[in-house]
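>>> generate coordinates for the sequence data below:
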Amino acid sequence: MTVIVLTNPTQYLRGTLAQYLLEIRANVFVGTLNARLRDTLWQQILAECRKENQLVKPEAILLCSMNNEQGFEMKMEGVPYRHVRIIDSQQLIAIPEDRYQYYEDKRKRPSGLTDIDKFLAGKDQS
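So this is what the prediction gives:
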């Protein structure tokens, strides 16, 4: 089983995934893929997420069945304040403190903060 969740995807990316997976909800794709096709699709997702000169960068989360203790594997791209950490062979989600603070401030003042890089640069100077 493979699950791919996208945020701000391009039409090209949605169309590509729709060829192989069922879109059960907007930008949530589910299906069964072999490892080779899954890796090929993930490389296409990475290429789209890392393109230069995009106003809004796509974000992606991949969950797939795996023969390990948890029974699945996670991959993330473009999700700036969360990342996968492996601790004792378990995949966990980590949120760095400085990025967590940025998103807390953003929730309180949505129009006050616009760029996380500027926010983090300001924290380094103080």
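>>> use CA for all of it now, contacts and neighbours both
Will do.
>>> where does the chain have its least confident helix or strand?
helix 116-125 (a mean of 60; mean pLDDT, DSSP states H and E).
>>> give me the residues contacting stretch 47-58.
6-10, 13, 59-60, 77-78 (Cα atoms under 8 Å, 6 or more residues apart in numbering).
>>> can I get those in JSON lines including pLDDT, secondary structure and distance to Arg25?
Formatted as JSON lines, those follow (pLDDT from 0 to 100; DSSP: H, G, I helix; E, B strand; the rest coil; distance: Cα to Cα, whole Å):
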{"residue": "Leu6", "pLDDT": "94", "secondary structure": "strand", "distance to Arg25": "11"}
{"residue": "Thr7", "pLDDT": "91", "secondary structure": "strand", "distance to Arg25": "12"}
{"residue": "Asn8", "pLDDT": "90", "secondary structure": "coil", "distance to Arg25": "14"}
{"residue": "Pro9", "pLDDT": "91", "secondary structure": "coil", "distance to Arg25": "14"}
{"residue": "Thr10", "pLDDT": "89", "secondary structure": "coil", "distance to Arg25": "16"}
{"residue": "Leu13", "pLDDT": "91", "secondary structure": "helix", "distance to Arg25": "15"}
{"residue": "Glu59", "pLDDT": "89", "secondary structure": "strand", "distance to Arg25": "16"}
{"residue": "Ala60", "pLDDT": "92", "secondary structure": "strand", "distance to Arg25": "15"}
{"residue": "Glu77", "pLDDT": "88", "secondary structure": "strand", "distance to Arg25": "20"}
{"residue": "Gly78", "pLDDT": "79", "secondary structure": "coil", "distance to Arg25": "20"}
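>>> out of those residues, which are buried?
Among the contacts of stretch 47-58, those classed as buried by 16 or more other Cα atoms under 10 Å are 6-7, 9-10, 13, 59-60, 77-78.
>>> from Arg85, how far out is Phe72?
14 Å (Cα to Cα, to the nearest Å).
>>> Throw the buried ones among the contacts of stretch 47-58 into JSON lines and include distance to Glu48, thanks.
Output for the buried ones among the contacts of stretch 47-58, formatted as JSON lines (distance: Cα to Cα, whole Å):
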{"residue": "Leu6", "distance to Glu48": "11"}
{"residue": "Thr7", "distance to Glu48": "12"}
{"residue": "Pro9", "distance to Glu48": "8"}
{"residue": "Thr10", "distance to Glu48": "8"}
{"residue": "Leu13", "distance to Glu48": "7"}
{"residue": "Glu59", "distance to Glu48": "9"}
{"residue": "Ala60", "distance to Glu48": "10"}
{"residue": "Glu77", "distance to Glu48": "10"}
{"residue": "Gly78", "distance to Glu48": "10"}
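>>> fine by me, we can end here.
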